[in-house]
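**Student:** what's the 3D shape of this:
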Amino acid sequence: MNRIFALTILAFLVLGRGAFADDADAPAFKLELKPQPGLPNGKVATIQGTGGLPGDKFFIESVGVLQPVVITLIAKKKGDVLHLVTGKQRWDETIDKADTGADGQVTIKLRTQGEVRMTVSADGDPKPYYLVVWAGDEVKPDFAPVFTPMNAAAAGGSSTGSIVIAGIIGLLIVILVVWLKKRGAK
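**Tutor:** Below is the predicted model of the structure:
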């Protein structure tokens, strides 16, 4: 009796897993970004697929916060509505989402650090699509120096600073003269 009960539980767990499986268990495909001829910078991955429910899952790794990332979803047939959802750590989180419009495409632009997850899905019958993921080269901003180098300060520094200092010294002299006159009048 215990054997039959244990086998029944085991069969339920094995066979029933598909009926109760979380779509987080669906396979995800790593996209390899590669340089393409004619592409001025960055790397790209292109995928052709058919989106239905629960959706096709893709991810890219090792994105730097200084790299722009652009994800474009294009419906093969204009008018088909496809959903694009992006996330970071878990498949059930949503950072951004968008649907293909009347022109049959949608683009999400982002900057992040680490991994980017994408899910492409469609309501009803599966619909064919193209997914293009581009990660640009790092964009390092040019910042003006915050500090004045010592040799520049010795060579004259800033004229605004000299005017302020001269004004403070002049004000102190006026206060000293007024104080001395008051003291002498007593």
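**Student:** from the contact counts, what lies against the longest helix along the chain?
**Tutor:** Of all segments of type helix in the chain, defined using DSSP state H, the longest is helix 159-185. Taking 3 or more C-beta pairs under 8 Å, 6 or more residues apart in numbering; DSSP states H and E as contact, there are no helices or strands that helix 159-185 lies on. For the C-beta atoms, the positions are set from N, CA and C on the backbone; glycine is no exception.
**Student:** show me how far that helix is from its chain's centre.
**Tutor:** 56 Å (C-alpha atoms, centre = their mean, to the nearest Å).
**Student:** before we move on, what about stretch 97-105?
**Tutor:** So, by C-alpha atoms, centre = their mean, the centroid of stretch 97-105 is 20 Å from its chain's centroid.
**Student:** now do the same end-to-end measure for it.
**Tutor:** Start to finish, the residues bounding stretch 97-105 are 13 Å apart (C-alpha to C-alpha, to the nearest Å).
**Student:** use 14 as the first number from now on
**Tutor:** All right, first residue 14 from here; so that's stretch 110-118.
**Student:** buried stuff in that stretch?
**Tutor:** By neighbour count, with 16 or more other C-beta atoms under 10 Å as the criterion, the buried positions of stretch 110-118 are Ala111, Thr113, Gly117, Gln118.
**Student:** low-confidence stretches in this protein?
**Tutor:** For the chain, residues meeting the criterion pLDDT under 70 lie at 14-38, 165-175, 198-199.
**Student:** quick one, strands of it?
**Tutor:** Taking DSSP state E, the strands of the chain run over residues 41-43, 56-64, 69-76, 82-88, 96-100, 109-112, 118-123, 127-134, 140-148.
**Student:** using CSV, lay out those strands together with distance to Lys195.
**Tutor:** Shown next, in CSV, are the strands of the chain (distance: least, C-beta to C-beta, whole Å):
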stretch, distance to Lys195
strand 41-43, 84
strand 56-64, 78
strand 69-76, 71
strand 82-88, 72
strand 96-100, 74
strand 109-112, 71
strand 118-123, 69
strand 127-134, 71
strand 140-148, 74
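**Student:** good, wrapping up.
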